[in-house]
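>>> got a structure for you, letters missing:
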């Protein structure tokens, strides 16, 4: 029984109580919300009316809402949807919206809930979907049933491009993984699924024109065209655009296994297992390269209707080009001073091909170059400067710098990154060119089992940044709502971001009895991409069966300890509640370690983290001592503080490819001791 | 931190250690196994050879094994399968086996593992699948990697029919639920998926001839013919037969909504929401009824190739028949003394139709009647007597009495039920007619979220009963292996029987902090079908969002407490380990209750179980007191025993539709106090 954690939750989540009166747990926050009095009871006698306009997509969305509500409440749904505005739940939509959803689709809606009924109004079906999501998030337990609290909501997004990128190239992610992540995206009103489909390590989309792309370049792990069309339809049914990425001219070794002629070096090529920047690239000097790309993109355009097309362009060192006399000759003839200029030539050519197929080309910020036309869209991953450079010269831009999920930053870190930060000097025209941002889930260190837990719930914080007004920035309130939203996503989307940890710990320990391991896991998180890559020398063949693959980034306890220490340090002698709770947490950690260590004796894969378990026991003791010295009358002995600060520094060093989440607040505690 | 539980596990599972030497955790137990010395290391350098014979199904099965091993170990699989017998893993199969798997398919195999290689040999592809499953179960952690311990296995099943029935009629179960359960079935060598497809509450399989069957009778929740064919292929790929059931003449109200003419009462009919025996039935006197059935079964025969066809026949009270003058006239004309004889006439007619479509008819034991031909197969659910009656008159028989999963019996209870119990008086000829048995998952009180947790892991005990030699009956050893098998099933099949509890408790509590609730859940289980039905007056519209839907039947701690009490009572004064562990368990329960009660304040759905939480605290105190009196020198005060026995009796009464799992051993403890 983990009493300390429960007490912590009681303190921190008191305002998330499901009882009346209404407590706002919406995520993202709507732009305008007024709470009313009373609530609408959600029962089997709710009648549902779709008035004025309806089409198949709207009807399916209403059906989907009712299914999700049934799943959430257990209250069986209405089977018949009427057209009467006298229904207790009315969905009132002006029209279908765009045939192919664009960045300018109207996503605004209003939602009115009174004791007698619920009404969603929107100009478009997508707007209605956003309103229905808000409705779904509002439903809460009351008494022995469920209610929708009375509210008036007027809502629309701050940014037009609110995305999640999933890299299915380095590790393939099955269709059902993509679908549940689309459901989760819809719940936080994200509207772009950026599907990174090709990488050095794998080509993941079927081409009937060029069957060796997957035939030789995928290990048999790829999406058929039917799969891809199904995903596109599934996304559209949730108001989500699908922007495919075919990264070129670098990151293309999987293409070259079947079609080495695309390169300036005849090969032969094998599928790449290593990660990191690769020397090979397409040959930008051959017309046949562009003919291939033209035909391939034409084929892909029949699957992906979105007007935007991501063609990558990142991390192309130009090594092969410099080593090829014919390419060097070509560069000379075109007066290209370096391979960057050659890549710009390539970008211009593929931009023209994209245009021919009716697409706007998006590329990573490496493509930004004085010669690049302004109709390319810059996707910034290396720095915010390229984003402001881009929009100042007239290109549209999308921010991902600061939203890299594999960096294992906290939800707080992502939350405070703003594509249009306060105090920026952009003109309104330029600001409008910043379309929004994307959380990026790169695939080196995730598989179908762990990926959900790396994406959620942190991505909900990014989603709120991109949807809600800029002044919605209260981190504690975000975490309070994120804790609720995390459960909601699991319930409505069927993601595994909460359940995966238990399943993986059971596998690692070889037993169902993992209470102590859960406690251990609550204090640690995976290391960032780079640290794992360098410590473990990972490749596409590295087993992901370690503690690092079980634990979650930014576990809930991290912020809770932060808050408790912050509160305690305001008045160490008088804040008994914070002291009690911190003491419980430290005691729980210390008590868990012997069991964790005993289990490690029978579980070699787990045992690699033994040093971290031993450190946790020592750090928990340090925490207790710091509390005693801070709140009691006894003084710390000479040298205590120095030795404990050294212990904390030691615990910051790389070890077992997992990190502690609480070292900074623990250091603050120790430092506060006189 | 749940120290008590962990200690318990350490005691009970010490022989399940993953370290060398080999510990047998196979489930079901093979008929012959000899452990050797050493082990074969499972690494990326394993080469795989399929020798002599191969076909698509075998290649897919080998690929599937390698996928599962990759999932289990994290070690990337070999992408190329060779035909060389010099490979380190050799799959050697004599031939394809039957085109349509029958009850006589040869499932035997041998498996040889030495330090230098692994060889599976079988006469058929299905036999090879069984051997590969054993191989998968053998793989265990060793050092920082995985090994297969050296063994020689010769194995074949005791019974030919080893089934799991899933009722998709009362609550629909989506395709992916069926698929993961087929994967789990394969892992314990079950070979029959009995798919209960039609019920009063829903008709779940598309008919193109009679579209109103699902059009009016399914709420839109049904399997398309493509879905069903996909399931049949998925099952065949795992050596599992699919026996569909179209229950008739009773349990057919969903048919009558669209086709009331099938009944003797013109209707109209609506879909039934209530459970229990229904008065309506097909009209056995009209030729048009048989024409409909003939055409429908002919259509179904194009989807389901299995030579067996289940036509139900249970719970037909004949009420409508007795009330219809025309039917009564028919009965007189045919000299039928009662509606049972009319049903036998019906059974004979549909048996002939089944035969015409090349099928053997299976029916529940109500169809057993002196006039029933011996080529009908009796599926016994009401008692073992009908099974022995059936085989004594020459019918084949299948046992499900004693294997009803909704009765929420323990794995031990199911395990000890034998289709051919020791001391039976059947002749060898008659014994051979007993084909085997089926675990039955009736659908009144399960949905797609909870169903896995009601089926697994208990069904693994049934699977062992049906596969392994009759003398494999050691209950403690079964539970030791079941604890491991439960994790294996979750890992290889992706079932949710372990993770569901956490997800449901988080939903109920509205927080991620559910450590105390998990402790509470470890001491309770759902009530049996009948108790819930009568207490809650359940129907198909009853929300399944209660504590009873979160907790699991026969949680691991139940048997652990049984064993600890049994061991302690052998020598209360000296068995300090059992005392310590029981004391920890009681202390953990008592400590959890205040947190559970606090969480109930914010969670009305959970709060319905408050009386059980309060009882748990009191019973835990009683347990501690009993331990003190039994193992210490203090005597129990006068009246203590009587009052505590009364408290235990009180706790046995229906409450909150959940039951305690430990009342019998607690009573034994109290009774042992002098």
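Done, it's in. Here the structure is a predicted model, which is why all the values come from computation and not from measurement.

>>> which residues touch the closest residue to chain B within the stretch 251-400 of chain A?
Residue nearest to chain B within the stretch 251-400 of chain A: residue A:273 (8.8 Å; Cβ to the nearest Cβ). C-betas here are computed from N, CA, C, even on glycine. For residue A:273, the contact set (Cβ atoms under 8 Å, 6 or more residues apart in numbering or on different chains) comprises A:201, A:539, A:540, A:541.

>>> repeat that for residue A:225.
By Cβ under 8 Å, 6+ apart, the contact set of residue A:225 is A:205, A:206, A:208, A:303.

>>> I figured the third one hits residue A:299, correct?
Spelled out, that is residue A:208. Yes. Counting by Cβ atoms under 8 Å, residue A:208 touches residue A:299, with 6.9 Å between them.

>>> more neighbours: those two, which one.
The residue with more neighbours, out of residue A:208 and residue A:299, is residue A:299; 17 against 9, by other Cβ atoms under 10 Å in any protein chain shown.

>>> how close does the more buried one sit to residue A:207?
Between residue A:299 and residue A:207 the computed distance is 6 Å (Cβ to Cβ, to the nearest Å).

>>> now the stretch 201-350 of chain A against chain B: closest residue?
residue A:219 (5.8 Å).

>>> secondary structure element for that residue?
Here residue A:219 is covered by no helix or strand, with elements defined by DSSP states H and E.

>>> circling back to that earlier point, most neighbours among the contacts of residue A:273, which one?
Highest neighbour count within the contacts of residue A:273: residue A:201, with 28 neighbours (other Cβ under 10 Å).

>>> quick check: chain neighbours aside, which residue is closest to residue A:195?
residue A:244 (5.1 Å; Cβ to Cβ, 6 or more residues apart in numbering or on different chains).

>>> spell out which parts of the stretch 351-500 of chain A neighbour chain B.
Proximity of the stretch 351-500 of chain A to chain B (Cβ under 8 Å from any Cβ of the partner chain) is limited to residues A:449, A:483, A:484, A:486, A:487, A:490, A:491, A:496, A:498, A:499.

>>> from those, pick the one nearest chain B.
Set against chain B, the nearest of those by Cβ to the nearest Cβ is residue A:499 (4.1 Å).

>>> wait, the closest one touches residue B:499, no?
Yes. Judged on Cβ under 8 Å, residue A:499 makes contact with residue B:499 at a distance of 4.1 Å.

>>> what sits against whichever residue of the stretch 51-200 of chain A sits closest to chain B?
The minimum distance from the stretch 51-200 of chain A to chain B, using Cβ to the nearest Cβ, falls at residue A:74 (2.9 Å). By Cβ under 8 Å, 6+ apart, the contact set of residue A:74 is B:543, B:544, B:545, B:546, B:549.

>>> which ones, among these, also lie beside chain A?
Restricting these to those near chain A by Cβ under 8 Å from any Cβ leaves B:543, B:544, B:545, B:546, B:549.

>>> please report phi then psi for the second one.
Read it as residue B:544. As for residue B:544, its main-chain torsions (degrees, to the nearest 10) stand at phi -110, psi 70.

>>> next one: the last one
Recorded main-chain torsions at residue B:549 are phi -80, psi -10, according to degrees, to the nearest 10.

>>> ok, now which ones touch it?
By Cβ under 8 Å, 6+ apart, the neighbours of residue B:549 are A:74, B:445, B:447, B:449, B:450, B:504, B:526.

>>> quick one: it from residue A:146, how far?
The gap separating residue B:549 from residue A:146 is 15 Å, by Cβ to Cβ.

>>> what segments of the stretch 1-150 of chain A are strands?
Here the stretch 1-150 of chain A has its strands, by DSSP state E, counting those that start in this stretch, at A:32-42, A:48-52, A:81-82, A:89-93, A:109-114, A:117-122, A:140-142, A:145-155.

>>> which parts of the longest helix anywhere in chain A are buried?
The single longest helix within chain A, with elements called by DSSP state H, is helix A:576-601. Across helix A:576-601, burial judged by 16 or more other Cβ atoms under 10 Å in any protein chain shown covers A:578-593, A:595-597, A:599-600.

>>> what of stretch A:209-222?
Under 16+ other Cβ under 10 Å, the buried positions of stretch A:209-222 are A:210, A:213, A:214, A:216, A:217, A:218, A:219, A:222.

>>> which SSE is immediately downstream of the helix or strand that contains residue A:230?
If you go by DSSP H and E, residue A:230 is part of helix A:225-236. Next along the chain after helix A:225-236, taking DSSP H and E as the criterion, comes strand A:241-245.

>>> report the distance from the helix or strand just after that next one to the chain centre.
Downstream of strand A:241-245, the next assigned helix or strand under DSSP H and E is helix A:253-258. Mean C-alpha position of helix A:253-258 versus that of the full chain (Cα atoms, centre = their mean, to the nearest Å) differs by 29 Å.

>>> hmm, helix A:253-258 touching chain B?
No. Judged by Cβ under 8 Å from any Cβ, helix A:253-258 makes no contact with chain B; its nearest approach is 12.7 Å.

>>> for the closest residue to residue A:220 other than its chain neighbours, grab phi and psi.
Among residues not flanking residue A:220 along the chain, residue B:79 sits closest, at 7.5 Å (Cβ to Cβ, 6+ apart). Note on residue B:79: its backbone torsions stand at phi -90, psi -20 [degrees, to the nearest 10].
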